[in-house]
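> give me coordinates for this.
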Amino acid sequence: MPFRKSRIQYANLNDNVLTLPMNDQIKELQTIIRDVNTSSSDFLFNADRLIRLVIEESLNLLPYSPWTVETPTSNVYKGVRFSTGNCGVSIVRTGEVMEKGLRECCRSMRIGKILILKDHDTGDAKVMYAKLIADIAKRHILLLYPVMNSGKTVAKAIEVLRSHGVSVRNIILVNLFCTPHSLDVLRDEFPDLRIVTSECDDDPPNHFCEKYFGTSM
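Now for the predicted structure:
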């Protein structure tokens, strides 16, 4: 399927990296998320809003097919619908914060999981667990990972997907915040990977998942 442009803006020098258009609404959500004084309830509410916006834009990159329906007035409407074969994969535990937003947009979409932990001796990402859909090699995948610093964890998850027969061209990384370094790592290793994010910055909110889950930081 050809790469379709939506209203999202292109970031950096690679058309496969896309950012939400910066406007006052997006900037306010990012500000509330970063504010140390934001209450837990306000944080959750605004984080879910930003997650939903990023996921909605990511859905524009999935394949659609023509679909004709009959309206209540007995007219014919020529529209579109999702092509079959889409799924989500969350990188546990952080990616799980985005599952609710994905299910709110696509109630029937199945979601797999990959657990990756950092090896304390080597510092490398290590796969501990993977539960994926049996026919995942035939599907387009929304890979969920909200905050990305080094890109190593996502790179390891992509390796897992590739080992199950998934083409990188069929993977869309759904992200909230990332660093320029992490983008460089992924673009160098996986030039066909498509990435949707709200912001690329040297200082991402690394407390995001701890505050979302209500755990100590």
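
> now do the strands in the protein.
Counting by DSSP state E, the chain has strands at residues 9-10, 17-19, 64-70, 76-82, 86-92, 111-118, 125-131, 140-144, 147-148, 171-174, 177-178, 194-197, 199-200.

> need the ones you listed in CSV with mean neighbour count, distance to residue 186 and mean pLDDT, can you?
From N, CA and C alone the C-beta is placed, and that goes for glycine too. Shown next, in CSV, are these (neighbours: other Cβ atoms under 10 Å; distance: least, Cβ to Cβ, whole Å; pLDDT from 0 to 100):
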stretch, mean neighbour count, distance to residue 186, mean pLDDT
strand 9-10, 12, 16, 40
strand 17-19, 22, 9, 93
strand 64-70, 10, 26, 95
strand 76-82, 10, 26, 94
strand 86-92, 23, 13, 96
strand 111-118, 18, 15, 93
strand 125-131, 14, 13, 90
strand 140-144, 26, 11, 98
strand 147-148, 22, 8, 96
strand 171-174, 26, 7, 98
strand 177-178, 25, 9, 98
strand 194-197, 25, 7, 97
strand 199-200, 20, 12, 96
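
> and those: which comes nearest residue 55?
strand 171-174 (6.0 Å; Cβ to Cβ).

> and that closest one, what does it pack onto?
helix 40-59, strand 140-144, helix 152-163, strand 194-197 (3 or more Cβ pairs under 8 Å, 6 or more residues apart in numbering; DSSP states H and E).

> tell me which strands and helices the first one is in contact with?
Helix 40-59 is packed against helix 24-34, helix 99-105, strand 171-174, strand 194-197, helix 208-213, with contacts defined by 3+ Cβ pairs under 8 Å, 6+ apart.

> for the residue nearest to residue 177 when sequence neighbours are not counted, grab the count of nearby residues.
Leaving aside its chain neighbours, residue 177 sits nearest to residue 204 (3.8 Å; criterion: Cβ to Cβ, 6 or more residues apart in numbering). For residue 204, the count of nearby residues is 21 (other Cβ atoms under 10 Å).

> ok, residue 138 next?
14.

> pull the contacting residues for it.
residue 85 (Cβ atoms under 8 Å, 6 or more residues apart in numbering).

> now do it, the pLDDT please.
Note for residue 138: predicted pLDDT of 93.

> next: residue 5.
39.

> ok, residue 170 next?
At residue 170, pLDDT is 96.

> contact partners for residue 156?
By Cβ under 8 Å, 6+ apart, the neighbours of residue 156 are 116, 125-127.
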